[in-house]
Structures are given as structure tokens and as C-alpha cells.
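# what follows is a predicted protein model with its sequence.
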Amino acid sequence: MLLVIDMGNTNIELGGFDGDDILFRERISTDLEKTELEYAVLIKTVIELYGIHESDVTGCIISSVVPPLTHIIKTAVKKIISVTPMVVGAGLKTGLNIKLDDPRTLGADLVVDAVAGLAGYGAPLIMIDMGTATTVTVLDKKGDYIGGVIMPGVMVSLESLVSGTSQLPRISLALPKAVICQNTMDSMKSGIINGQASQIDGLIQRFEEELGYPCKKVATGGLAKVIIPRCKENIILDNDLILKGLKVIYDKNVKQKKH
């Protein structure tokens, strides 16, 4: 089994692959205070919940946008399996042509999204990743990664709204019955959900205007299932995009080592 780990600012997503089949996908909280041993116990527990023994894990790959935790998670994995995890970054083959001012500044999560998007959907492609931040990025007709935008994520926006005002309550992100609402809580829900959906629609339109041609669109991330159904654009929802991308990168590098 291949263990894939995507470390974000809010959650760490774990997935297991048997060939191309996803055996499991789970999330644990990102916590800078946890030790290597604590993470090892959490990862081992997730694996065992699905009836998988650590000896069944033959490989592991990690992507991380939390540098202080990267070594901790890598060491935690090594405590429970007998292989050293790959880490997405310099030295790993991705097959992605990154056309940015400084390609080294591109986050590992966006690299993995792009690799998965290119492998699964082709180019040109607009990718939406809804995590702590919402990113909208693009692969052009040639399949080159040419950039995108970063904006506050859904929960960051909501937290900012609540903490910055004295009378607005904390709310759940359940969709109200209408866009135009008659009470404070529904108005906040509509503003957050429909507001972010409208931002995504507007950015896609501007991307395609600037590119001069239409693109396929795919979305992933924890809150994509809440927001994307409210978008007017035709967007494919793929919650496993980053897990698939990690497997693609792992396979590329294993094959490279064999040759």
C-alpha cells in the first residue's frame, strides 16, 4: 500500500492506495505542538482503523505547506513503517513546467494539484483548491503552469467577519433557502457561500478572457462541496485531486529510480 499525506495549515489529509484504488481518506488536525510520537500514533491509528498493518505500507509521499512540521511528520512515518517518505520539493520529478517569476515559491499543494489535474483532465485547466486559502490557478494550452490568484478561504473570511464585529454570531455553513435573506444568520451564510461562489465564477471568467480560450475547471478542498454547487460555471468536483497527484508524483520517481 502507498501512504500519501498532504499537510495543510488546518488539516493533514491521509490517503491509502492499493494500485489505483483509494483504500481510505481521512483528516487529522494540523497541530504545531504535537510531537513525532503523537503524530506516529495518530497515523498508525488511522491505518489500523481500515484493517491495514504497517508492514503492508510499502511507500509514502508527503506534500507540506507547513515547513516546521515537515520533518516531524516524516520522522513520525519512519517510526511506523520501514521506508523513508518522499517529500514533494526540490529533487523530485513532477513533469510540471512551472512558468512563474520564481518557480521555487510555488507551494507543494499547488504543484500536486496541477500534476493531478494535468494527468486526470488535461489542459487547458483552471483548478480551484479550497482550504485555509482559496487558490484559483491555471494550466495553459501547453500544459504549463502559468499562475493564478490566492484569496482568503471560506473559514478565514468567516472568522475575520465574526471576530471583527461585536454583534455577528458564529454560524454553521448550511445553505440558506434564498440568496436574499431576512435575518442576520442566514444573511451571513448567504454572504459567505454565495459570495465565494461568485468570486470563483468571476475569476474564471476573467481568466478565460485573459487567456483568450475556454478551459476545463476542477475543484478540490475541504469546503469545495459546499461552495462549488453554488457556482454558475461548470466545475468538476474532485475531492481526491491532491491524493491522486501525490500518487502520480510517487510513481514517476519510483520509475525514475528503477531506470
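Structure's in. What do you need?
# count of neighbours near residue 55?
Using other C-beta atoms under 10 Å, residue 55 is surrounded by 10 other residues. All C-beta spots, glycine's among them, are computed from the backbone N, C-alpha and C.
# distance of it relative to residue 33?
The gap separating residue 55 from residue 33 is 30 Å, by C-beta to C-beta, to the nearest Å.
# list the contacts of residue 79.
36-37, 40 (C-beta atoms under 8 Å, 6 or more residues apart in numbering).
# if we use 10 Å, what do you get?
36-37, 39-41, 43-44, 54 (C-beta atoms under 10 Å, 6 or more residues apart in numbering).
# distance from the helix or strand hosting it to the middle of the chain?
In this structure, residue 79 sits in helix 67-80 according to DSSP states H and E. Remark: helix 67-80 is offset 19 Å from the chain centroid, using C-alpha atoms, centre = their mean, to the nearest Å.
# any stretches of the stretch 151-259 of the chain with poor pLDDT?
The model of the stretch 151-259 of the chain has pLDDT under 70 over residues 256-259.
# okay, residue 107: pLDDT?
For residue 107, the model assigns a pLDDT of 90.
# list the contacts of it.
Residue 107 sits in contact with 8, 63-65, 88, 113, 129, 133, 135, 150, where contact means C-beta under 10 Å, 6+ apart.
# any chance you could map the helices in the stretch 101-250 of the chain?
With DSSP state H, counting those that start in this stretch, the ranges of helices along the stretch 101-250 of the chain come out as 108-121, 154-163, 184-211, 224-227, 241-258.
# can I get those helices in TSV including distance to residue 26?
Below are the helices of the stretch 101-250 of the chain laid out as TSV (distance: least, C-beta to C-beta, whole Å):
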stretch	distance to residue 26
helix 108-121	17
helix 154-163	19
helix 184-211	25
helix 224-227	16
helix 241-258	11
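# most packed of those?
helix 108-121 (a mean of 23; mean count of other C-beta atoms under 10 Å).
# which helices and strands does that helix pack with?
Applying 3 or more C-beta pairs under 10 Å, 6 or more residues apart in numbering; DSSP states H and E, we find helix 108-121 packed against strand 2-7, strand 59-64, strand 125-130, strand 133-139, strand 145-152, strand 216-220, strand 236-237, helix 241-258.
# out of those, which is closest to residue 184?
strand 145-152 (21.0 Å; C-beta to C-beta).
# what residues of the closest one count as buried?
Neighbour counts over strand 145-152 (16 or more other C-beta atoms under 10 Å) mark 145-146, 148 as buried.
# how long is stretch 142-156 end to end?
One end of stretch 142-156 to the other measures 34 Å (C-alpha to C-alpha, to the nearest Å).
# got the contact list for the nearest residue to residue 135 once chain neighbours are set aside?
Nearest residue to residue 135, sequence neighbours excluded (C-beta to C-beta, 6 or more residues apart in numbering): residue 129, at 4.8 Å. By C-beta under 10 Å, 6+ apart, residue 129 lies in contact with 8, 107, 109-110, 112-114, 117, 135-137, 148, 150, 153, 218-222, 224, 241-242.
# just the pLDDT for residue 129.
pLDDT, residue 129: 96.
# which residues does the residue positioned nearest the centre of the chain contact?
In the chain, the residue lying closest to the centroid (C-alpha atoms, centre = their mean) is residue 221, at 4.9 Å. Counting by C-beta under 10 Å, 6+ apart, residue 221 touches 8, 11, 13, 109, 113, 128-135, 153-154, 227-228, 237-239, 241-242.
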